[in-house]
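Colleague: give the three-dimensional model of this entry:
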Amino acid sequence: MSPKIRKRKTKRTSQEYQDKIEAIERQARLIADHPKECCMCDRPFERTAETVINWHVVVNEERVRLTCPPCWAIVRHTLEKER
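Modeller: All right, here's what the predicted structure looks like:
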C-alpha cells in the first residue's frame, strides 16, 4: 500500500469511529434524561438496585420510554397477541 492510500483508509476509519462514538454519546444523554415515571401508569421510578434491574427502558430515535414491570407485561402480552 502506498502512503496516500493508507492515509485515506486511516482517515475514513477514524471518521467512522468518531461517528459511532457520537451515536453512543447521544443515546447515553437520552437515557440520562429519562422520564421519572412509567410512560403508561405514571408510577414513580425510584432509583434502587431492584427497580433498575426490573424496569424497562426503550430508546427509539429521540424518544425514551420507561416502563414498570406490570405495564411491561401488558405490552408483551399485547405484542404476542398481535403475532
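Colleague: please name the bridge partners of residue 37.
Modeller: Applying DSSP bridges to residue 37 gives these bridge partners: residue 44.
Colleague: tell me the contacts of it?
Modeller: 43, 44, 45, 66 (CB atoms under 8 Å, 6 or more residues apart in numbering). Heads up, the C-betas are built off the backbone N, CA and C, glycines and all.
Colleague: how about the strands in the chain?
Modeller: Under the criterion DSSP state E, strands of the chain are mapped to 56-60, 63-67.
Colleague: among those, which is the most enclosed?
Modeller: With neighbours defined as mean count of other CB atoms under 10 Å, the strands of the chain peak in mean count at strand 63-67, which reaches a mean of 16.
Colleague: within the sheet, what are the partner strands of it, with directions?
Modeller: strand 56-60 (antiparallel).
Colleague: now the partner strand: mean pLDDT?
Modeller: For strand 56-60, the mean per-residue pLDDT is 84.
Colleague: pull the CA atoms of that strand into PDB?
Modeller: What follows is strand 56-60 as a C-alpha-only set of coordinates in PDB (Å, rounded to 0.1, in the frame of the first residue of the first chain):
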ATOM      1  CA  HIS A  56     -37.500  -1.400  31.000                       C
ATOM      2  CA  VAL A  57     -36.000   1.400  29.100                       C
ATOM      3  CA  VAL A  58     -36.700   1.700  25.300                       C
ATOM      4  CA  VAL A  59     -34.900   4.200  23.200                       C
ATOM      5  CA  ASN A  60     -36.400   4.900  19.700                       C
END
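Colleague: list of residues touching it?
Modeller: 27, 30, 31, 34, 64, 65, 66, 67, 69, 72.
Colleague: for those residues, name the two members farthest from one another.
Modeller: Farthest pair in those (CB to CB) is 27 and 69. Separation: 22.9 Å.
Colleague: domains of the chain?
Modeller: 1-33, 35-83 (automatic domain parsing).
Colleague: pLDDT and distance to residue 77 added to the contacts of residue 37, as CSV?
Modeller: Putting the contacts of residue 37 into CSV (pLDDT from 0 to 100; distance: CB to CB, whole Å) gives the following:
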residue, pLDDT, distance to residue 77
43, 91, 18
44, 91, 24
45, 88, 22
66, 89, 19
